[in-house]
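Q: Got a predicted model here, sequence first, then my questions.
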Amino acid sequence: MDCALTLQRLYCLFVIEAGSRCVHIPGVTAHPDGLRTTQQIRNLLIDPGDRAANSRFLVRDRAGQFTESFDTALAGAGIEAAKIPPRSPRANACAERFVLTARTEVTDRMLIFGERHLRLVLSEYESHYNGRRPSQPPAPPAPAGPPRRRPRPEADQAPTRPRRAHQRIQASRVEAQVKSGSRVLEPYTPVQHELVALIVRLARENTRWGVVRIQGELRRLGPRAAASTIRKILRAHRIPPPTRNDGSWRVFLRAHAATLLATDFFHVDCAITLTRLYVAFVIEHQTRRVHLLGITRHPTGQWATQLARNFATDLEDAGCRFAYLIRDRDAKFTAAFDAVFTPIGTAVLPIAPQAPRMNAYAERFVRTARAECTDRMLIASERHLRVILADYINHYNTGRSHQGEGMGLRAPDDDPDLITFPVPAARIQRRARLAGLISDYRQAA
């Protein structure tokens, strides 16, 4: 896996049991070598105990990290190392399948910030994979002799479209068996509404799950449903088939919304002096709360760094903890700017080049502020703009309802546990802001 911050490649050693699909991850390192790999396998042979005694072979590829000392450590535990042929990854199919699954479900959908972070992520995924995730068992051997086709239960019913010759022959055989009494068709049992709702919920909450994956999860939870039944339910609710491209950045933003900040600049032109003013702000992803950092005519890296210091101090005084700060690749965001947030435990995430949608929350606020405020007024000076934006951001945080997941059409400063009782319309009072361009409404005391 590649680290998102240091751009360093990390290597992970794992062992998977072919019968039970149980995975063991002994360690993660940035510098893999033969000595480290041998020590990791020795530690792993001590931990499983009886499981290692029951194993006879360990299938591995021909990587340079697997030295003679590695095979000797296995031989000391009574396990023979079986090397696969060159350029034959399918000979180690169980391990290759786990690599694909781990990348699809975890590492390709997250940003890895270091060796310790990857170790924590893989440790949690290992416990989920071994204890909570259903694994598809290996296919049984094919029976001897020609395969027998199982007749369809609905073959005795009247067809809704013309059947082919082999379908008509099969239907006539089933009808003859039913009339003679040699075969009894089981009555059709409708699927319960609760089971349908659970299947739809699993499919929508996990866009990468297929029919077999949903079927395995249902068996773990108790209900049973055939794969064909699950497929029909998903088609009826117009749920598309699973795809690998589920918007990994969008999934990351939703998963870490409570610990995400976004910062950006936007400019406003002064109508009298014909100068351009630059505004710096920070927005919280989960609550949509906006913080105005500063306004200047001459933005520089030192000015942005000083604003970052002031904002970091305010966060520490308020006791707020955020894990990530998303920013674009503007030249004003220097290395000193990023270093300001390191002591408070906030990692700075630069977005990809020419990808403003990765900082969509900040870009959306810029559009909203221009449409509701700055584009509807003539800005006279820097002091005038500071007063206007301070009043507008106060309205944005306290008196403006916001859309979005989890917001519930509330303002950022509204109490989510407070339920407002309806009152007569005569008790609703209006408060004008920005010379009447914006209105705040409150219930009369």
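A: Structure received.
Q: separation between A203 and P241?
A: Distance of A203 to P241, computed by C-beta to C-beta, to the nearest Å: 10 Å. All C-beta spots, glycine's among them, are computed from the backbone N, C-alpha and C.
Q: what do you get for V28?
A: Applying C-beta to C-beta to V28 and P241 gives a distance of 34 Å.
Q: what about those two, which has more around it?
A: Counted by other C-beta atoms under 10 Å, V28 and P241 do not tie: V28 has more neighbours, with 24 against 11.
Q: so that one touches E115, yeah?
A: Yes - counting by C-beta atoms under 8 Å, V28 does reach E115; the two are 5.7 Å apart.
Q: Identify the contacts common to those two.
A: Listed as contacting both V28 and E115 by C-beta atoms under 8 Å, 6 or more residues apart in numbering are L10.
Q: can you pull out the strands in this structure?
A: Under the criterion DSSP state E, the chain contains strands at 11-16, 23-29, 57-60, 80-83, 260-269, 276-284, 290-296, 324-327, 347-350, 428-433, 438-443.
Q: Need those strands in CSV (columns: distance to I199).
A: Below are these laid out as CSV (distance: least, C-beta to C-beta, whole Å):
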stretch, distance to I199
strand 11-16, 29
strand 23-29, 27
strand 57-60, 37
strand 80-83, 41
strand 260-269, 32
strand 276-284, 35
strand 290-296, 40
strand 324-327, 34
strand 347-350, 36
strand 428-433, 45
strand 438-443, 43
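Q: Switch the ones you listed over to JSON lines; also include mean pLDDT.
A: Formatted as JSON lines, the strands of the chain follow (pLDDT from 0 to 100):
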{"stretch": "strand 11-16", "mean pLDDT": "90"}
{"stretch": "strand 23-29", "mean pLDDT": "88"}
{"stretch": "strand 57-60", "mean pLDDT": "89"}
{"stretch": "strand 80-83", "mean pLDDT": "88"}
{"stretch": "strand 260-269", "mean pLDDT": "94"}
{"stretch": "strand 276-284", "mean pLDDT": "95"}
{"stretch": "strand 290-296", "mean pLDDT": "94"}
{"stretch": "strand 324-327", "mean pLDDT": "93"}
{"stretch": "strand 347-350", "mean pLDDT": "91"}
{"stretch": "strand 428-433", "mean pLDDT": "81"}
{"stretch": "strand 438-443", "mean pLDDT": "79"}
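Q: Outline the domain layout of the protein.
A: Domain assignment of the chain by automatic domain parsing yields the ranges 11-131, 193-236, 256-398.
Q: Now tabulate the ones you listed in JSON lines and tack on distance to R433.
A: Listed next are those as JSON lines, based on distance: least, C-beta to C-beta, whole Å:
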{"stretch": "domain 11-131", "distance to R433": "39"}
{"stretch": "domain 193-236", "distance to R433": "40"}
{"stretch": "domain 256-398", "distance to R433": "5"}
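Q: show me what contacts the residue sitting nearest the centre point of the chain?
A: Centroid-nearest residue in the chain: V251, 3.4 Å away (criterion: C-alpha atoms, centre = their mean). Listed by C-beta under 8 Å, 6+ apart, the contact set of V251 reads R109.
Q: Please tell me the pLDDT value assigned to it.
A: V251 carries a pLDDT value of 76.
Q: try H237
A: Confidence at H237, expressed as pLDDT, is 91.
Q: What of E186?
A: Looking at E186, the pLDDT reads 59.
Q: Same question for the one 10 residues further on.
A: At V196, the pLDDT value in this model is 91.
Q: and the closest residue to it other than its chain neighbours, how far is that from P299?
A: Closest residue to V196 apart from its sequence neighbours, by C-beta to C-beta, 6 or more residues apart in numbering: I233 at 5.6 Å. Going from I233 to P299 by C-beta to C-beta gives 55 Å.
Q: Repeat that for P190.
A: From P190 to P299 the distance is 66 Å (C-beta to C-beta).
Q: can you give me the helices for the stretch 1-150 of the chain?
A: Using DSSP state H, counting those that start in this stretch, the helices of the stretch 1-150 of the chain run over 34-46, 50-54, 68-76, 93-105, 115-131.
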